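Visitor: Just need the structure, nothing else, for what follows:
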Amino acid sequence: MATRVPSEPVARSYSMASTIKAYSLPLILFAGAIFYQLFVIPKAFPSSHYDVLGIKRYSSIEEVKEAYEKLDSKWKTGMEVQDTVDFIKIRYAYEMLTNPSWKRDYDIFGIDEQLHVVENAKKQYAGRSSSELDFPLLDTTSSGSGDYAFNIITSKDFQSLFPDAKPWLVQLYSLGSRRCAQFSDVWKRIDYLLDGVAHTGMLELGEVQLAAYLAEKTSTGKPFFRNGLPSLIAIPSGCQAASCLFRFEGELSVDAITDWFATTVLGLPRIIYYTKETLVQNFLAKTSPHKVKVIFFSTTGERAAPFIRQASRDYWAYASFAFIIWREEEFSLWQKAFEVESAPAIVFLKDPGLKPIVHHGSVNNSWFLKIMEHNKRLELPQLRSVSSMELGCDPRGYSRAGYDTVVWYCAILAGRPGMELNKMRESMCRIQELLSKHNESNGEYKDQSLATAADAFRKKRLTFAWLDGEKQKDYCNFYLSPETSHDTCGPRRDLNDVPQLFVVRYQRNNSNGNLKTEEEPRSIWDLHVKDLDPASQYVSTYKGPNENLQIGQWISGLIKDGDSRDLPVSRFKTPALVPEDREPVWSRSVQRIPLENMKQRTRGIMSRIYDSMGDPRIGPSLLLGALISYGTIWLWRSQPAPVTQSNQPNHPTYERSRRQRDRSQTSSNKYRPPSVTDLEPKDSFQMPLSDSESE
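Guide: Below is the predicted model:
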């Protein structure tokens, strides 16, 4: 067995390079602490106006006046020599701290928006004596008088803002702030543009507790406004804590503020501006044919007002929106195309061939929603999955005339989108206009051949619609015969497009109207009947010339026969209409993704880091970290090498034991067979086989 020999402790020795490397962390922390205390802290806590007057911070107005009078008396008696720069600072501090509003804003929120006056006075009176100064330095008349304030918010009614269904945009202002007074016209315009989509309110800093709650906080807990006054804060609907508030940090302009509020807080989509070169190619050609085109002409180029953007979201299934900047040199183009003579203006483009609807002048929220509701549909609406029930052209629903109507009609124009279909759509619009005028005219001018159709149209028992035969292939082939639907339904195979008009007569069976109350089916036939449409249908296809009067007379005769006698009807399982429009991305995801974009988040993180740099606790913390790290490293490096016992390789006993182990291992490996089955026993022999087995 090897003898374990104890070793003597050995003191560690280090080179200069290793020593510097080991103590690099405490050196860096110590240098950071010194730099922070000498350079960062003085900038974070500059001398105040109270220090200039030689009085303690937050002294009263009487104490400020008293301190200034003492300094002034010393200058007048010649006890102290006046320095112009120092006198400007003292005079500025005196005028600012003797104004109650300015002093309050400075003491509580650190607001000093007239500090530039000191720098301007230094340049103006450089090299001149203090006796040549013009007093006062500060103009008290430049501050707001408060007559611009409206929708004032107080601490009493602030709690009611949080559970409000509409979001709020709150302006924090001061009656003594010149910037707030200059912002008044901008704020009035913002209030006008947010009408109907959000509430606006103004909070004066005199509501100290509430204003301090809404203000940002420094590392020491003092409230402040990063960008001064006015400060804008948005309260989203359902917000119940300060953590969900949004702060505006951009340019104080109408366009910037309303766009930020509409995008960040309301999550509304933007409306794109187009030019005369891109309007047709990128807007009119790409907009779904079933949507009304709403075009705004603007003279300012500002982004769409929030209420217009909200309307674009609410009416996305009916209309598409675009903006165009009005230029006088393009007057003839827009006047000829849309009959627009000046801006601002709104143009509604409906069916092909119809005259555009133009509204000149600016609009507000309520008026725009009225004209939007009136013009959201085409004159000849498209039969779609989302409109079939509303139009009364669905055998599973009811007539537009009401639930009590048993028989109603739907005139459907089917075809592939193109010039031929547009011509027929224009004809169908003329037919609707013809029936409307028939109802409005006197009896002596009425065409009796249209009376039945006009009466059904007036009572909403007759509906006109058009069908996209290319996208709604199955639905189109279901109503048209295979011989004639080749050029009407399905993908375009050649240049032949033949739109076709057919009328579907719906008759609701009252006994089978409510299938949900029927008993459970008892046979396969009962299952088949239950799966059929509630209303039976009779289909008639028009094969005459494309003349408005003849088409109207044919529809009138069909309705007259359908109302007066029983027509052969059948119940079918009508193919479902294919959904054509996908829900827009901004509508699906606006409630699931954070409202702040990456740029705003990055700006917020950088602001918090910058604010924490003024924390006076950082310097002592760095110094403490330097001392702790230095002590730990010194303690570890000053300890001697650990005492250990080990088997000495050169010891005779150890060498003899190692040789015996090696010899034994070599001998055993030399005579050991690879496996037991490789060796044949000495007394083994081959056993002969019997004759029977060999045969």
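Visitor: Name the nearest residue to Lys301, sequence neighbours excluded.
Guide: Careful, residue 301 is Gly; it's not Lys. Once its chain neighbours are removed from consideration, Gly301 has its nearest residue in Ile325; the separation is 5.2 Å (C-beta to C-beta, 6 or more residues apart in numbering). C-betas here are computed from N, CA, C, even on glycine.
Visitor: quick one: pLDDT of the residue positioned nearest the centre of the chain?
Guide: The chain has Gly267 as the residue nearest its centroid, 3.6 Å off, counting by C-alpha atoms, centre = their mean. Residue-level confidence at Gly267 comes out at 90, pLDDT.
Visitor: What separation is there between it and Leu169?
Guide: Look at Gly267 and Leu169: by C-beta to C-beta, to the nearest Å, they are 15 Å apart.
Visitor: re the thing from before, backbone dihedrals for the residue nearest to the centre of the chain, please?
Guide: phi 70, psi 40 (degrees, to the nearest 10).
Visitor: do you know how far it is from Pro306?
Guide: 11 Å.
Visitor: Okay, now the unreliable bits of the stretch 451-600 of the chain?
Guide: 510-531, 567-569, 581-600 (pLDDT under 70).
Visitor: Helices of that one, start to end?
Guide: With helices called from DSSP state H, counting those that start in this stretch, the stretch 451-600 of the chain shows them at 451-458, 473-479, 524-530, 548-564, 585-589, 598-612.
Visitor: what do you get for the stretch 1-150 of the chain?
Guide: Under the criterion DSSP H, counting those that start in this stretch, the stretch 1-150 of the chain carries helices at the ranges 16-22, 24-35, 41-44, 49-53, 61-77, 84-97, 100-109, 116-124.
Visitor: Going by mean pLDDT, which of these comes out lowest?
Guide: Note on the helices of the stretch 1-150 of the chain: helix 41-44 shows the lowest mean pLDDT, a mean of 72.
Visitor: Return the distance of that one from the chain's centre.
Guide: Chain-centre distance of helix 41-44: 39 Å, with C-alpha atoms, centre = their mean, to the nearest Å.
Visitor: in what helix or strand does Ile233 lie?
Guide: Secondary structure here is read from DSSP states H and E; on that basis Ile233 sits in strand 231-235.
Visitor: Show me what the following helix or strand past that strand is packed up against.
Guide: Counting by DSSP H and E, the next helix or strand C-terminal to strand 231-235 is strand 246-247. Applying 3 or more C-beta pairs under 8 Å, 6 or more residues apart in numbering; DSSP states H and E, one finds that strand 246-247 contacts strand 231-235.
Visitor: Pairing partners for the strand it packs on, with directions?
Guide: Sheet pairing of strand 231-235 (DSSP bridges) gives strand 168-173 (antiparallel), strand 246-247 (antiparallel).
Visitor: So which of the ones you listed is nearest Asp105?
Guide: Of all the strands paired with strand 231-235, it is strand 168-173 that lies closest to Asp105, at 10.5 Å by C-beta to C-beta.
Visitor: ok, Asn99 - how many residues close by?
Guide: With neighbours defined by other C-beta atoms under 10 Å, the count for Asn99 comes to 16.
Visitor: Make 50 the starting number, not 1.
Guide: With the count now opening at 50, the last piece we talked about shows up as Asn148.
Visitor: got a pLDDT number for it?
Guide: Turning to Asn148, the model gives it a pLDDT of 94.
Visitor: How about the contacts made by it?
Guide: With contacts taken as C-beta atoms under 8 Å, 6 or more residues apart in numbering, Asn148 has the following neighbours: 187, 189, 225.
Visitor: per-stretch mean pLDDT over the strands paired with strand 280-284, give me the minimum one.
Guide: Ranked by mean pLDDT, these bottom out at strand 295-296, which scores a mean of 92.
Visitor: How far off centre is the next helix or strand after it?
Guide: Where DSSP H and E defines the elements, the next helix or strand beyond strand 295-296 is helix 303-309. Shown here is helix 303-309, whose average C-alpha point lies 14 Å from the average C-alpha point of the whole chain (C-alpha atoms, centre = their mean).
Visitor: What is helix 303-309 packed up against?
Guide: Using 3+ C-beta pairs under 8 Å, 6+ apart, helix 303-309 sits against helix 233-242.
Visitor: The helix it packs on packs against which elements?
Guide: In this structure, helix 233-242 makes packing contacts with strand 248-253, helix 303-309, judged by 3+ C-beta pairs under 8 Å, 6+ apart.
Visitor: May I see the buried residues of the longest one?
Guide: So that's helix 303-309. 303, 306-309 (16 or more other C-beta atoms under 10 Å).
Visitor: Next, format these as TSV and append pLDDT and distance to Ser415.
Guide: Below are the buried residues of helix 303-309 laid out as TSV (pLDDT from 0 to 100; distance: C-beta to C-beta, whole Å):
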residue	pLDDT	distance to Ser415
Val303	95	20
Ile306	96	22
Thr307	95	18
Asp308	94	22
Trp309	94	24
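Visitor: Closest one of the residues you listed to Thr269?
Guide: Using C-beta to C-beta, the shortest approach to Thr269 within these belongs to Trp309, at 29.5 Å.
Visitor: How about that closest one, nearest residue that isn't a chain neighbour?
Guide: The spatial neighbour of Trp309 that comes closest, neighbours along the chain excluded (C-beta to C-beta, 6+ apart), is Phe297 at 5.7 Å.
Visitor: and what of His409?
Guide: Closest residue to His409 in three dimensions, ignoring its sequence neighbours and counting by C-beta to C-beta, 6+ apart: Ala394, at 4.8 Å.
Visitor: same question, Tyr524
Guide: Take Tyr524 and drop its neighbours on the chain: the residue closest to it by C-beta to C-beta, 6+ apart is Pro624, 5.0 Å away.
Visitor: show me the contacts for that neighbour.
Guide: Under the criterion of C-beta under 8 Å, 6+ apart, the contact partners of Pro624 comprise 523-524, 527.
Visitor: Out of the residues you listed, who's the most crowded?
Guide: If you count neighbours using other C-beta under 10 Å, the busiest of the contacts of Pro624 is Tyr524, which has 23 neighbours.
Visitor: any idea how far Val553 is from that one?
Guide: Distance from Tyr524 to Val553, counting by C-beta to C-beta: 11 Å.
Visitor: What of Leu164?
Guide: If you measure Leu164 against Val553 using C-beta to C-beta, the figure is 78 Å.
Visitor: more crowded one of these two?
Guide: The residue with the greater number of neighbours, taking Leu164 and Val553 and applying other C-beta under 10 Å, is Val553; the counts read 20 against 10.
Visitor: in the sheet, who's paired with that one?
Guide: Beta bridges link Val553 to Cys459, Val588, judged by DSSP bridges.
Visitor: So it sits against Ala463, correct?
Guide: No - Val553 lies out of contact with Ala463 (C-beta atoms under 8 Å); the separation is 11.2 Å.
Visitor: Overlap in contacts, these two.
Guide: Counting by C-beta under 8 Å, 6+ apart, the residues touching both Val553 and Ala463 are Tyr528.
Visitor: Please identify the buried residues of stretch 519-539?
Guide: With the criterion 16+ other C-beta under 10 Å, stretch 519-539 contains buried residues 519-522, 524-529, 534, 536-539.
Visitor: swap in stretch 394-412?
Guide: Neighbour-count burial for stretch 394-412, with 16+ other C-beta under 10 Å as criterion, is recorded at 394-401, 403, 406-408, 412.
Visitor: Fine, thanks again, bye for now.
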